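Colleague: 3D, please:
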Amino acid sequence: MYGNGVTDDVDRTAFRRAEKKYKLYYDQNSKKKKQPRPVDISEVLDFKLILDTFNRTGKTPNGVHVLKGEFDCPVLRLDNRPGFYFIPGALNVEQQCQWIRESLMSFPQPPNRTNHNAHYGPIKDLFAAAGEGKILVQEEHSPESLSNGQAQRCKFCDKSENVALKGYGGSSIMASVLLRKLRWSTLGLQFDWSKRNYDVSLPHNKIPDDLCQLVKKLAAPAMPAGDEFKPEAAIVNYFASGDTLGGHLDDMELDWTKPIVSMSLGCKAIFLLGGKSRDDEPLAMFLRSGDVVLMAGQARECFHGVPRIFTDTEHSEIAPLEKHFTTEHDRCFLDYIGTSRININIRQVF
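Modeller: Down below sits the predicted model:
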């Protein structure tokens, strides 16, 4: 769903036109190196600003309502998008840092799958290997082994292991490059992207208990009365500068009355929430680190996507994370999240 293509506006739906409006483009005529083209963000909803204004004046824009949940943070909902809830700053800085660490170190670990599995097979300790400057070396396969479906054999080596690399007989790639090409990982029940369904037979790591407890609490405003959310699967998306998530529906779960719980970490982004057709004009809104979005019921039928993340110092708004990631050990996490966004979205499958 990460897109780069450009077509004429006449071929675009309302959702695609909005994606183009907010997507990162560079000025081709600039004499300076890769200058981002200015983007008009005057129509982007800012729920943080709306909540700040409500706390001062008790007023909200027409169609926006503030609800008090079972936790500290107020919840905002929209009249014209039933089933959609926005919780600004739902995660404190400590929680944000915790789940950034987990998203980079634990969630991509086998048997959980990532976008790298199809080409490299399971890769263990990718984040640590990137920090240590290691190289992933693939053993060259014979045509017979490939036709028999044998798993790709890979290992991490130090740069200095020149003899070992040459003797291994395959291709190599820097772990740091693979980390930057990490686009998604799954935990809990594994989603099969080729078949577009959940394959309960695939091995997987359990969703951590503390994440389950947090998500059950966050999901409460969107849950049917008397029900408790059951976190069964999660997809973690990783965004770098210029990455987008094209308009789509999350429609593979059985019960759409149960919400998808979406947690934002890292650089600020623009989120598009459309309607049941791509021709419906979408709402654009900011997502900051610590924000949580719930989509249940009718909102599950709405196209949505992420056309832009902001990685520049002025707009990324990660200063609280910079103040918290202060130790030498934390440097690698800050280096990554300073130019990236992570989205953890948790689902009840059955």
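
Colleague: flag the shaky bits of this structure, pLDDT-wise.
Modeller: Counting by pLDDT under 70, the chain has low-confidence residues at 1-11, 29-33, 69-71, 139-153, 160-170.

Colleague: the helices in it, which residues?
Modeller: Ranges of helices in the chain, per DSSP state H, are 14-22, 47-57, 93-105, 117-120, 126-131, 143-147, 162-168, 175-180, 209-219, 313-316, 319-324, 331-337.

Colleague: list the buried ones in the first one?
Modeller: Under the neighbour-count criterion of 16 or more other CB atoms under 10 Å, helix 14-22 has 14, 15, 16, 18, 19, 21, 22 buried. In this view, the C-beta of every residue, glycine as well, is placed from N, C-alpha and C.

Colleague: quick one: those as CSV, columns for distance to residue 244 too.
Modeller: Below are the buried residues of helix 14-22 laid out as CSV (distance: CB to CB, whole Å):
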residue, distance to residue 244
14, 17
15, 12
16, 11
18, 12
19, 7
21, 12
22, 9
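
Colleague: how is this protein partitioned into domains?
Modeller: Here the domain parsing of the chain from automatic domain parsing is 11-107+183-347, 118-180.

Colleague: which of the ones you listed sits most buried?
Modeller: The highest mean neighbour count among the domains of the chain, using mean count of other CB atoms under 10 Å, belongs to domain 11-107+183-347: a mean of 17.

Colleague: how far off centre is that domain?
Modeller: Its chain's average C-alpha position is 7 Å from that of domain 11-107+183-347, according to CA atoms, centre = their mean, to the nearest Å.

Colleague: number the residues from 29 up from this point.
Modeller: Renumbered: residue one is now 29, and that last one reads domain 39-135+211-375.

Colleague: hang on, residue 316 packs against residue 116?
Modeller: Yes - with contacts counted by CB atoms under 8 Å, residue 316 reaches residue 116, the gap being 7.4 Å.

Colleague: which neighbours do these two have in common?
Modeller: Shared contacts of residue 316 and residue 116, defined by CB atoms under 8 Å, 6 or more residues apart in numbering, are found at residue 76.

Colleague: contacting residues for residue 334?
Modeller: By CB under 8 Å, 6+ apart, the contact set of residue 334 is 267, 272, 273, 297, 298, 299, 300, 315, 371.

Colleague: how about it: what's its closest non-neighbour residue?
Modeller: Once flanking residues are discounted, residue 334 sits nearest to residue 273: 4.2 Å by CB to CB, 6 or more residues apart in numbering.

Colleague: that neighbour touches residue 336, doesn't it?
Modeller: No - with contact defined as CB under 8 Å, residue 273 does not reach residue 336; the gap is 10.2 Å.

Colleague: between these two, which contacts overlap?
Modeller: Shared contacts of residue 273 and residue 336 (CB under 8 Å, 6+ apart): none.

Colleague: can you dump the C-alpha atoms of stretch 287-298 in CSV for me?
Modeller: Provided in CSV are the C-alpha atoms of stretch 287-298 (Å, rounded to 0.1, in the frame of the first residue of the first chain):
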residue,chain,number,x,y,z
PRO,A,287,-12.9,-1.4,16.8
ILE,A,288,-9.5,-1.4,15.3
VAL,A,289,-7.3,0.3,17.9
SER,A,290,-4.5,2.4,16.1
MET,A,291,-1.6,3.8,18.1
SER,A,292,0.7,6.5,16.6
LEU,A,293,4.4,6.7,17.6
GLY,A,294,7.1,9.0,16.3
CYS,A,295,6.9,11.8,13.7
LYS,A,296,3.6,13.6,13.1
ALA,A,297,1.5,12.5,10.2
ILE,A,298,-1.6,13.4,8.2
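
Colleague: still on that earlier bit, looking at the contacts of residue 334, which are in strands?
Modeller: Using DSSP state E, 267, 273, 297, 298, 299, 300, 315, 371 are the members of the contacts of residue 334 that sit in strands.

Colleague: distance to residue 322 added to these, as a markdown table?
Modeller: Putting the ones in strands among the contacts of residue 334 into a markdown table (distance: CB to CB, whole Å) gives the following:
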| residue | distance to residue 322 |
| --- | --- |
| 267 | 20 |
| 273 | 18 |
| 297 | 17 |
| 298 | 18 |
| 299 | 13 |
| 300 | 16 |
| 315 | 13 |
| 371 | 14 |
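
Colleague: name the nearest of the residues you listed relative to residue 163.
Modeller: Closest approach to residue 163 among the ones in strands among the contacts of residue 334 (CB to CB): residue 267, at 24.9 Å.

Colleague: all set now, cheers.
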